[in-house]
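> sharing a model that was predicted from the sequence below.
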Amino acid sequence: MSVRFDIAVVGAGVVGAAIARDLSRYELRVALIEANPDFGDESSKGNSALMTEGHDTPAGTLERDLVVRGYQRYMAEAPTLGLPMRRTGALMLAWTDEQRATVEHVVEEAHADGFPRLSLMEGEEVLRRWPQFRPGVLAAAYMPDEVIADPFSTPYAYVLDAVTNGVIFLRPWRVSRAERLADGWRLANPQGETIEARLVINAGGLRADIVEGLAGYADFRMKPRRGQYILLDKPARAIHDIIAYPTPTPTTRGILIAPTIFGNVLVGPTAEEVEDRDDRSVTEDGLAALKRAIDEMVPVLRDMPVNTIYAGMRPATDHSEYQIIPRFAENWLTVAGIRSTGFSGALGIAEYVMSLVFPVVFDLKPTKPLRGVTVPDLAETSLRPWADADRIAADPAYAEMICHCERISVGEVRDALASPVPPASIKALKRRTRAMFGRCQGFYCGARVQAMFDAAQAERSGCEAAACGDRRDA
Amino acid sequence: MRDPDVLIVGAGPAGLAAAAELTRRGVGDILVIDRDDAAGGLPRFCAHPGFGIGYLAVPRSGPGFAASLLHALEGSGVRLLCGTTMVSLDAGPTVTVTGPELGHRVLRPKAVILATGIREANRGNRLVPGERPAVGVLTTGLLQQTVARKVPFPAGMKELVVVGTEHVSFSAIWTARHAGLRVRAMVDERAAVASFAPAGWMARAFGIDIRLSSRVAAIRARDNRVAAVEIETGGRRETLACDGVVFTAGWIPEVAAIATGPIGIDRTTGGVATDENGRTDLAGVFAAGNMRHPLKASGSCARQGRSVAATVASALSSR
């Protein structure tokens, strides 16, 4: 027998999670279903972690509107979820006359589009305030309101909020069949489990086209674009602490060099169209391009130690616009093709989805009493648990470091493992806590963290075996 | 808690030997802190012979050496606190620590001996391209701690490729074999085995394919696990199927806690800059062992800890 829901959101990336969170405000039975063992396990784990105001999106598009709105909502709502942000600002730099012309144009356009705080800054002033840049800067567009945020805790906060307020999170639950019913859909996974929903919202990210295909739709096809990154060690941030963009070309926004909320400096992303949507390989060519970007923009970072290298995948399609397609007569809503703006746009997209669904599909208002949630603040510049005398006095486990590079305590790892949305893998635990994220990448702490993870898994499976209650049925 | 006369940061061979020597010379109030959950440093994870050469009359296994260093401190009154981390070091010397017993607090000892050891360069540090599986990319340190802490390896992990041919690379092979893992190949960019030649002979006798003048060009994965490494030898690429790859050596002194502070770092070694007696450029702060200059063997680290302690003891008595 299928479990029956009002709405099934397919895909727990940052966009699906934000939609599920907004849906949890209504008196509805909502399922958030994710093919991977954890949320944010594909595109959402490999982005630049920038919350952008939106002026860099194409004017006059839905994407522009939703990113602008997503940024506004994030500024208002992230603090209530405990999510950290730093308004570091950004610079788009020009070293040639041609680039200068582009930068001037960007500033003019931004002013015309309602972003009055962007300004043109002359090269001398740029180099006086930020002497790390390669000499010869002619000018820059200064964007004081650009923000760095936590790319992992953000979808976590959305999922945790959704689950706390009644959304059922099913994972891993890969939709392998979609069957049209008189009043909705029956979705099945390869294990033969099924759920039914009156409305399906396909937020399938990189695999949105596959989910569309199961329902018989073929309006777009994925053209995934890989982005490789280098993460520099923490001393880099003492040298470089502002988001730096090169001047964009018609094909790409280019490789940026930006501080992270965790106190490192990120270099990336490259932009490569790849055949295999799962090919998140780092390549020698990619690394060479990233090193070139360092040389061209902030050459003093050239010899900075590298903590790790990785690649993300943008869920782009063969259309340049977002693919938000309501088919309410067929009980289906597609939310796909979010390209590279999912992190900034998620809350704007979610709000737009609510405006489509209510009251047209469900004549309801968001009147449900809510339980608030917060996630741990993992920012390097926030008061860390190890330095928080009150917290340590209450629980000495916050003073015993397990990850020495990032200074993450036994208490924080324990808390993450005890979450109502526990990490399903060691990498997910890493994204929840920052443990093993640092320069040693687990040399010192990997075995201990793994032991804590294994113990929590064993306890959970023991608990489930002893009929403590499978969350799926709860 | 009172401030100690001497604070030793790191309870590995250098730090523990320094504590023993200070006691022997009558320095009374010594606190040794270590950020790990037990004392002994990295040797305690290396369950094979060859530790303490030049320090002990008879060399022992890694854990045996660690035990003998701790044994020497029994009844000495030296205080030892594990799970306790130095988070910053400033002039004074002033040391900020965090730990379950001490909380977050400032210590003002008369002298500090830094003995924080080293780590190995991992895949990211070395910029090795390819896929990034969750399972199977290791360092010797991670491999040996996993075995020593009895954390099970993922099911199906059977065959490893070891990157490097230094002493520690063979230490990794020892650990892997005792944990029931097969080492398929060793890969090194150098033209000859970096460790003693007999180590190479033995590895070959175990059936390990030693690929010299070769580098790991990429890591390949399947189902989020290591599936193979691509190695390049003289422009020719070859894929070696394996379940794990162990990056060994590539030593990096562990100076992160002090790298942004007032103490000078030696750009050539990456370690703390000291004079020949182990004095750093911050008054009252000394350093010993691998954090000064990688990689000394455990016995040499202990000997250096002992000699730096002698310097510290005479500095204290002349105050």
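Sure thing, it's come through. Numbering: from 1, shown residues only, chains lettered A, B, ... in the order given.
> tell me how far A:E273 lies from A:E296.
Using Cβ to Cβ, to the nearest Å, A:E273 is found at 23 Å from A:E296. Placement of C-beta: from N, CA and C, glycine included.
> comparing those two, which residue is more hemmed in?
Just comparing A:E273 and A:E296: by other Cβ atoms under 10 Å in any protein chain shown the higher neighbour count belongs to A:E296, 16 against 10.
> mind telling me what element the more buried one is part of?
helix A:284-297 (DSSP states H and E).
> all helices of the stretch 151-300 of chain B, in order?
For the stretch 151-300 of chain B, applying DSSP state H, counting those that start in this stretch gives helices covering B:167-178, B:197-205, B:298-317.
> so what does the last one touch, helix or strand wise?
Under the contact definition 3 or more Cβ pairs under 8 Å, 6 or more residues apart in numbering or on different chains; DSSP states H and E, helix B:298-317 sits against helix B:13-24, helix B:62-71, strand B:111-114, strand B:285-287.
> related to what we said a few turns ago, helix A:284-297 and the next helix or strand along the chain from the helix holding A:E296, what's the angle between them?
Downstream of helix A:284-297, the first helix or strand assigned by DSSP H and E is strand A:306-314. Using axes from the mean of the first three to the mean of the last three Cα atoms, to 10 degrees, the inter-axis angle of strand A:306-314 relative to helix A:284-297 is 110 degrees.
> what's the following helix or strand after strand A:306-314?
Strand A:306-314 is succeeded, C-terminally, by strand A:323-327 (DSSP H and E).
> would you mind listing what in the stretch 51-200 of chain B touches chain A?
Selection of the stretch 51-200 of chain B residues close to chain A by Cβ under 8 Å from any Cβ of the partner chain yields B:83, B:85, B:87, B:98-104, B:119-120, B:122-125, B:127, B:129-132, B:134, B:139, B:141-142, B:145-146, B:148-149, B:151-152.
> just the ones in strands from those residues, please.
B:T85, B:V87, B:T98, B:G99, B:G103, B:H104, B:R119, B:E120, B:T139 (DSSP state E).
> skipping its backbone neighbours, what lies nearest the fourth one in space?
Leaving aside its chain neighbours, B:G99 sits nearest to B:T84 (3.0 Å; criterion: Cβ to Cβ, 6 or more residues apart in numbering or on different chains).
> any idea how chain B splits into domains?
B:6-119+B:252-318, B:123-247 (automatic domain parsing).
> mean neighbour count added to these, as JSON lines?
Formatted as JSON lines, the domains of chain B follow (neighbours: other Cβ atoms under 10 Å in any protein chain shown):
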{"stretch": "domain B:6-119+B:252-318", "mean neighbour count": "21"}
{"stretch": "domain B:123-247", "mean neighbour count": "19"}
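> pretty sure B:A228 contacts B:C242?
Yes - counting by Cβ atoms under 8 Å, B:A228 touches B:C242, with 6.2 Å between them.
> residues contacting A:T57?
A:E63, A:R64, A:V67, A:T341 (Cβ atoms under 8 Å, 6 or more residues apart in numbering or on different chains).
> my bad, A:Y398
Per Cβ under 8 Å, 6+ apart, neighbours of A:Y398: A:P385, A:W386, A:D388, A:R391, A:I392, A:S409, A:V410, A:G411, A:E412.
> what would these look like in CSV with pLDDT, secondary structure and neighbour count?
Formatted as CSV, these follow (pLDDT from 0 to 100; DSSP: H, G, I helix; E, B strand; the rest coil; neighbours: other Cβ atoms under 10 Å in any protein chain shown):
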residue, pLDDT, secondary structure, neighbour count
A:P385, 96, helix, 23
A:W386, 96, helix, 23
A:D388, 96, coil, 16
A:R391, 96, helix, 19
A:I392, 96, helix, 24
A:S409, 98, strand, 28
A:V410, 98, helix, 23
A:G411, 98, helix, 22
A:E412, 98, helix, 25
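> between those residues, which is nearest B:L16?
Nearest to B:L16 among the contacts of A:Y398 is A:V410, at 23.7 Å by Cβ to Cβ.
> quick revisit: export the contacts of A:Y398 to TSV and tack on distance to A:G40?
Shown next, in TSV, are those (distance: Cβ to Cβ, whole Å):
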residue	distance to A:G40
A:P385	23
A:W386	26
A:D388	27
A:R391	27
A:I392	30
A:S409	23
A:V410	25
A:G411	24
A:E412	19
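> what's the most distant pair in those?
That would be A:D388 and A:V410, which, of those, are the farthest apart (Cβ to Cβ) at 14.6 Å.
> just to revisit the earlier point, the residue nearest to B:G99 contacts B:H104, correct?
No - the criterion here is Cβ under 8 Å, and B:T84 misses it with B:H104 at 10.7 Å.
> where do the contact lists of these two overlap?
With contacts defined as Cβ under 8 Å, 6+ apart, the residues shared by B:T84 and B:H104 are B:V97, B:T98.
> quick one: which of the helices and strands packed on helix B:298-317 is nearest B:F196?
For these, the distance to B:F196 is smallest for helix B:62-71, at 17.8 Å, taking Cβ to Cβ.
> going along the chain, name the helices of chain A.
Per DSSP state H, chain A carries helices over the ranges A:14-23, A:62-77, A:97-112, A:123-129, A:153-164, A:208-215, A:235-239, A:284-297, A:342-357, A:389-394, A:410-417, A:426-433, A:446-465.
> what about those, which gets the closest to chain B?
helix A:446-465 (3.6 Å; Cβ to the nearest Cβ).
> just checking, what packs against that closest one?
strand A:401-403, helix A:410-417, helix A:426-433, helix B:140-148.
> for it, the distance to its chain's centre please.
26 Å (Cα atoms, centre = their mean, to the nearest Å).
> now that helix - C-alpha only, PDB.
Extracted in PDB, the C-alpha atoms of helix A:446-465 (Å, rounded to 0.1, in the frame of the first residue of the first chain):
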ATOM      1  CA  GLY A 446      39.900  10.500  10.300                       C
ATOM      2  CA  ALA A 447      39.900   7.300  12.300                       C
ATOM      3  CA  ARG A 448      38.400   8.800  15.400                       C
ATOM      4  CA  VAL A 449      35.600  10.600  13.400                       C
ATOM      5  CA  GLN A 450      34.900   7.300  11.600                       C
ATOM      6  CA  ALA A 451      34.700   5.500  14.900                       C
ATOM      7  CA  MET A 452      32.100   8.000  16.200                       C
ATOM      8  CA  PHE A 453      30.200   7.800  13.000                       C
ATOM      9  CA  ASP A 454      30.200   4.000  13.000                       C
ATOM     10  CA  ALA A 455      29.000   3.900  16.600                       C
ATOM     11  CA  ALA A 456      26.200   6.300  15.900                       C
ATOM     12  CA  GLN A 457      25.200   4.200  12.800                       C
ATOM     13  CA  ALA A 458      25.200   1.000  14.900                       C
ATOM     14  CA  GLU A 459      23.200   2.600  17.600                       C
ATOM     15  CA  ARG A 460      20.600   3.800  15.100                       C
ATOM     16  CA  SER A 461      20.300   0.500  13.300                       C
ATOM     17  CA  GLY A 462      20.000  -1.200  16.700                       C
ATOM     18  CA  CYS A 463      17.400   1.300  17.700                       C
ATOM     19  CA  GLU A 464      15.400   0.700  14.500                       C
ATOM     20  CA  ALA A 465      15.700  -3.100  14.800                       C
END
